[in-house]
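J.: sequence first, then the predicted structure:
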Amino acid sequence: MSFEKLGLIKPLLSAIKELGYEHPTTVQKRAIPLVLAKSDIFATAQTGTGKTAAFALPILQKLRHPLEHNDVRVVILSPTRELSIQIYEDILSYSTNMKVKTMILVGGKDLEAQKRKLKDGIDIVIATPGRLLEHIETGLSLNSVEIMVLDEADRMLDMGFTKDIRKIHPLLPKRHQTLLFSATFSEKVRKLSKLILTKPAFIETAKKNTTVDTINQVAYLVDTDRKAELLAYLIGSRNFPQVLVFTKTKVSADELIVELQKDGLKCGIIHGDKTKANRLKTLTQFKEGKTRVLVATDIASRGLDIEHLPYVINYELPSIPEDYVHRVGRTGRAGRQGEAISLIDIYEKYDIRDIERLIGQKIPQETVDGFEPDPTIRRKDQDELKLKAEHKRASGKKERQYNKNTSGVPKGRKQLKETKKKRKTTKRDPK
């Protein structure tokens with residue numbers, strides 16, 4: 001199927017042609033006609049499947065006719081500044097042949113300057129929930145909003161934006177269209193969808209919480225104190241041109257970048273202690289190829305869209321298995337090939353099982369010559385784990401024995417009485 005068959009107008013078709021878009025992805029094929037038909041949408045699609053174009057292209061088409069008022073017509077909420085910037089840049093590239101005004105509202109920018117620009121008339125506002133609420137509190141009206149989009153809804157809820165979304169939603173007109181996009185499916189997202197969506201069309205382009213098929217995943221077993229050494233070896237010996245490396249904590253990230261710089265690798269680092277301006281500058285340098293390695297905590301696992309990013313490395317596994325999906329989703333985007341490597345030590349060898357259960361596939365575990373784990377090293381909590389496992393087995397055995405002994409026997413006197421009563425009522429009186 002082509003984009004022409006989806007009913008998109010010529011200005012959009014020529015713009016995406018210049019961007020190199022040839023055929024729509026699955027989520028684009030299913031979402032674009034539904035958005036044009038004014039349906040609410042609940043879409044769960046894997047990271048890197050073209051979700052932004054799936055909602056941005058039909059929205060731009062619906063805004064092709066200007067209205068008399070200068071009020072905001074579309075609100076797009078995203079969890080982070082980085083993702084908001086990425087959506088903004090994508091929409092600008094899609095709307096090059098159209099007269100649509102787009103603005104980004106994120107923290108770190110002057111609030112008054114943003115307010116002045118809003119007064120000039122803006123069609124699309126892309127914002128983080130907190131900054132949008134600040135503008136609402138100082139006079140921004142949402143009375144003319146036609147469409148609201150929640151992008152990466154699961155991440156927004158994980159970051160604690162539930163209350164902000166609940167405050168924003170009642171301020172929208174009763175007749176508006178809501179599009180909810182989420183990389184993963186969770187109970188929180190399901191509850192939110194019931195609150196904000198009206199008779200939505202459901203789009204599920206793949207199994208829940210899975211990674212795209214174009215990503216080759218592998219885990220290398222290594223001792224904890226040799227992880228940095230192995231990472232530098234992989235980047236150097238395999239000549240990785242551009243690598244995104246994830247750590248679990250800010251401390252780990254700071255320590256790792258020192259070790260990599262000792263090996264002569266040009267590195268950048270982003271985490272919560274870095275200023276927004278610093279993070280943006282580091283991301284830009286990485287995108288432009290000025291740095292070869294970007295070390296990041298999970299703050300960057302969303303909103304980071306690097307064209308042709310070939311490698312993502314988990315220096316440490318994330319605390320939440322769902323974050324693994326978001327991390328590796330930075331590679332293998334839009335049908336391209338990518339590789340996700342995890343360096344796992346004796347502690348993480350068991351943690352990876354939770355990730356495998358979530359994504360529904362086994363991740364091959366291998367070793368690199370010269371970096372094989374020391375078989376004599378034991379986990380510090382090995383004895384504790386052994387006791388837990390033995391206790392679990394014993395409990396399970398007792399439960400199975402109990403079930404075997406009590407199978408087919410009524411559980412108590414009350415149940416026996418009820419059984420007898422039922423038998424009495426079924427007897428007929430003799431004539």
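T.: Alright, I've got the coordinates. Numbering: from 1, shown residues only.
J.: can I assume Leu12 sits in a strand?
T.: No: under DSSP: H, G, I helix; E, B strand; the rest coil, Leu12 sits outside any strand and is assigned helix.
J.: before we move on, what's the pLDDT of the residue nearest to it when sequence neighbours are not counted?
T.: Nearest residue to Leu12, sequence neighbours excluded (C-beta to C-beta, 6 or more residues apart in numbering): Leu57, at 5.7 Å. All C-beta atoms are positioned from the backbone trio N, CA, C, and that covers glycine. For Leu57, the pLDDT comes out at 96.
J.: Leu57 against Ala15, yeah?
T.: No: using C-beta atoms under 8 Å, Leu57 is not in contact with Ala15, being 9.0 Å away.
J.: list residues touching both of these two?
T.: By C-beta atoms under 8 Å, 6 or more residues apart in numbering, Leu57 and Ala15 have these common neighbours: Tyr94.
J.: quick one: which of the two has more around it?
T.: Each of Leu57 and Ala15 has its neighbours counted (other C-beta atoms under 10 Å); Leu57 has more, 29 against 19.
J.: how many other residues sit next to Gly272?
T.: If we define neighbours as other C-beta under 10 Å, then Gly272 has 11 of them.
J.: isn't it right up against Thr249?
T.: No: judged on C-beta under 8 Å, Gly272 makes no contact with Thr249 at a distance of 10.0 Å.
J.: anything in contact with each of those two?
T.: Thr297.
J.: measure Thr282 to Asp71 for me?
T.: Distance check for Thr282 against Asp71: by C-beta to C-beta, to the nearest Å, it reads 36 Å.
J.: which of the two has more residues huddled nearby?
T.: The residue with more neighbours, out of Thr282 and Asp71, is Thr282; 21 against 17, by other C-beta under 10 Å.
J.: name the element the closest residue to that one other than its chain neighbours belongs to?
T.: Leaving out its chain neighbours, the residue that sits closest to Thr282 by C-beta to C-beta, 6+ apart is Gly268, at 4.1 Å. Taking DSSP states H and E as the criterion, Gly268 maps to strand 267-270.
J.: output the contacting helices and strands for that strand.
T.: For strand 267-270, the packing partners by 3 or more C-beta pairs under 8 Å, 6 or more residues apart in numbering; DSSP states H and E come out as helix 250-262, helix 276-287, strand 293-296.
J.: direction included, what does that strand pair up with?
T.: strand 293-296 (parallel) (DSSP bridges).
J.: and the helix or strand following the partner strand, average pLDDT?
T.: The helix or strand immediately downstream of strand 293-296 is strand 311-314, counting by DSSP H and E. Averaged across strand 311-314, the pLDDT comes to 93.
J.: and the contacts of strand 311-314?
T.: Against strand 311-314 from outside (C-beta under 8 Å, 6+ apart): 231, 234, 240, 242-246, 324, 327-328, 330-331, 338-343.
J.: chain center to that strand: distance?
T.: 16 Å (C-alpha atoms, centre = their mean, to the nearest Å).
J.: what is whichever helix or strand comes after that strand packed up against?
T.: Using DSSP H and E, the helix or strand that follows strand 311-314 in sequence is helix 321-328. Applying 3+ C-beta pairs under 8 Å, 6+ apart, we find helix 321-328 packed against strand 311-314, strand 338-344, helix 348-359.
J.: I appreciate the help and will end here.
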